[in-house]
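Participant: fold the stuff below for me.
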Amino acid sequence: MKNNQAILTDQFKRKHTYLRISLTERCNLRCTYCMPAEGVPLSPKSHIMNYDEVYTIAKTFVEHGVTKIRLTGGEPLIRKDISVILGKLASLPVELAITTNGITIDRYIDVLKENNINNINVSLDTLSESKFKEITRRNQFDKVYKNILLLIENGFKVKINAVLIKGFNDDEIIDFINLTKDLPISFRFIEFMPFDGNKWDLKKMVSYAEVLERVNNHFPIEHVERIQDAENDTSKNYRIKGYKGSFAIISSVTNPFCDSCNRLRLTADGKLKNCLFSATESDLLTSFREGKSIEPIVQKAVLGKFKIRGGMDTLEKLKEPDLHSKNRSMITIGG
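Facilitator: Down below sits the predicted model:
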C-alpha cells in the first residue's frame, strides 16, 4: 500500500496530511483542564512507543501523504530520548513542530535548531504568577515566561496557547493581546473543551463571539484586522494594527472547523484517534509489534471518522457527560 494517499482520505473527501504524535502521558505540570486533580492512571512503560516505533510508524504515515508532524504530550520534552526522537523524525520529508509547556525547553535550543524545528507552541494560560500556580498546581511561571522570551530571541516562530475559562483568566484577554504589541508571537485563545475528568461546564467556556466582543469594546474597530488563515487552519486570525504579533481564536466548541480537518492523532501508547473528540481508538502498536501491516487499520480508522467532532455535532450532545466521559483525559490524548 505504499504511496497510496487514498488511505488517509475519509468518506467526506478530507485528506489527512497532519499527524500529531503524543510521546508521553507524563507531565511536569498538573493543569486542571487537562487532567483530574487525582491524576490519571499511566500506561506501563512497556505499552509506550519507543523511539524506533515512533519513527517507523510516523514514516508509514509520511509514505501515505503526511507532510506535517507535531510532537505533543503530556510534556514531550521530559522523554529521556527526546533528542534521539527529534533526530530520527527530522530525517523524514515533513515539517516538524512541537507543543510544550516551556519549562525545560531552554535545554533543547541547540537540538531544535540542529533538527530544523522552528515552530514551537507554548501553553500559557495566565500572566499572573498566582493564577499560574492555581491552574497548573506548580510554581513555574517565571521559568516558562523567560523561556518564551528565549525562544523569540533565538528566532523561533512562537505561538502561545491559552485555554480561556470564565471567571479565571477571561479578564486577561486584553493583556494577552497586548503581549503581541512588541513580541512577534501569535497568541491563541482556545475554547474550553470537554474531556474525561476536567469538570467541563459550558458556562465556564468563553466563546469566539465573546472574545471578539471584548476586543472590539477595547480597541477601535478599524484597528482590529482580520488576517488570512493558513490552509486547514484551526484558528481565526487577527491583528491589532501596528502590533508586531497577532492573536487567534480556536473555536472547537461554538464554531468547529471540521470541514477542513486534516489531522490525525497518535497516542503515546500507539492508538490512532481520528478526532480529538472521538471516544474510539484504533490500536496500531500491537499490530506493529506483531509484524503486521498497520495500513488496513489506519484506513479503517480514517474512513470511520465522523463529519463533526467525533459525532458530537450539536452543543446539546457536547453537554452530555456520558458522551465525552468515554474519551480520554487531554493529557493521555496529546495536546
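Participant: so how far is Thr72 from Thr56?
Facilitator: Using Cβ to Cβ, to the nearest Å, one obtains 19 Å as the distance from Thr56 to Thr72. All C-beta atoms are positioned from the backbone trio N, CA, C, and that covers glycine.
Participant: looking at the two, which is more packed in?
Facilitator: More crowded of Thr56 and Thr72, by other Cβ atoms under 10 Å: Thr72, with 25 against 14.
Participant: so who does the nearest residue to Tyr208 once chain neighbours are set aside touch?
Facilitator: Counting by Cβ to Cβ, 6 or more residues apart in numbering, Tyr208 lies nearest to Ser251, which is 3.8 Å off, once chain neighbours are set aside. Contacts for Ser251 (Cβ atoms under 8 Å, 6 or more residues apart in numbering) come out as 191, 207-208, 236, 257.
Participant: please, a ChimeraX command that selects the buried ones among the residues you listed?
Facilitator: A single ChimeraX command is used to select the members of the contacts of Ser251 judged buried by 16 or more other Cβ atoms under 10 Å:
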select :191,207,208,236,257
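Participant: looking at the contacts of Ser251, point me to the pair that's furthest apart.
Facilitator: Across the contacts of Ser251, the longest distance by Cβ to Cβ is 14.5 Å; it joins Ser207 and Phe257.
Participant: okay, strands next: where are they in the stretch 151-300 of the chain?
Facilitator: Along the stretch 151-300 of the chain, the segments classed as strands by DSSP state E, counting those that start in this stretch run 157-164, 186-191, 224-226, 236-240, 246-250, 263-266, 271-273, 282-283.
Participant: actually the stretch 1-150 of the chain, not the one I typed
Facilitator: In order along the chain, the stretch 1-150 of the chain carries the following strands (DSSP E, counting those that start in this stretch): 18-22, 68-72, 95-100, 119-123.
Participant: can you put these in a markdown table and add mean pLDDT?
Facilitator: Putting the strands of the stretch 1-150 of the chain into a markdown table (pLDDT from 0 to 100) gives the following:
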| stretch | mean pLDDT |
| --- | --- |
| strand 18-22 | 97 |
| strand 68-72 | 98 |
| strand 95-100 | 98 |
| strand 119-123 | 97 |
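Participant: how about those strands in JSON lines, adding distance to Asp10?
Facilitator: Conversion of the strands of the stretch 1-150 of the chain to JSON lines gives the following (distance: least, Cβ to Cβ, whole Å):
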{"stretch": "strand 18-22", "distance to Asp10": "13"}
{"stretch": "strand 68-72", "distance to Asp10": "18"}
{"stretch": "strand 95-100", "distance to Asp10": "22"}
{"stretch": "strand 119-123", "distance to Asp10": "25"}
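Participant: quick one: which of the ones you listed is nearest Arg265?
Facilitator: Arg265 lies closest to strand 18-22 among the strands of the stretch 1-150 of the chain, at 4.8 Å (Cβ to Cβ).
Participant: what angle sits between that closest one and strand 68-72?
Facilitator: 20 degrees (axes from the mean of the first three to the mean of the last three Cα atoms, to 10 degrees).
Participant: adjacent strands (with direction) for strand 18-22?
Facilitator: Within its sheet, strand 18-22 is paired with strand 68-72 (parallel), strand 263-266 (parallel), according to DSSP bridges.
Participant: coming back round to it: against Asp10, how distant is the residue nearest to Tyr208?
Facilitator: 22 Å.
Participant: residue contacts, the residue nearest to Ile21 when sequence neighbours are not counted?
Facilitator: Take Ile21 and drop its neighbours on the chain: the residue closest to it by Cβ to Cβ, 6+ apart is Leu266, 4.7 Å away. With contacts defined as Cβ under 8 Å, 6+ apart, Leu266 is in contact with 19-22, 57-58, 272-273, 284, 334.
Participant: reformat the contacts of Ser251 as a markdown table; add pLDDT and distance to Glu295.
Facilitator: Converted to a markdown table, these look like this (pLDDT from 0 to 100; distance: Cβ to Cβ, whole Å):
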| residue | pLDDT | distance to Glu295 |
| --- | --- | --- |
| Glu191 | 89 | 34 |
| Ser207 | 93 | 40 |
| Tyr208 | 95 | 37 |
| Lys236 | 96 | 35 |
| Phe257 | 77 | 27 |
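Participant: any chance of the contacts of Ser251 in CSV, plus distance to Arg137?
Facilitator: Converted to CSV, the contacts of Ser251 look like this (distance: Cβ to Cβ, whole Å):
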residue, distance to Arg137
Glu191, 22
Ser207, 27
Tyr208, 28
Lys236, 31
Phe257, 31
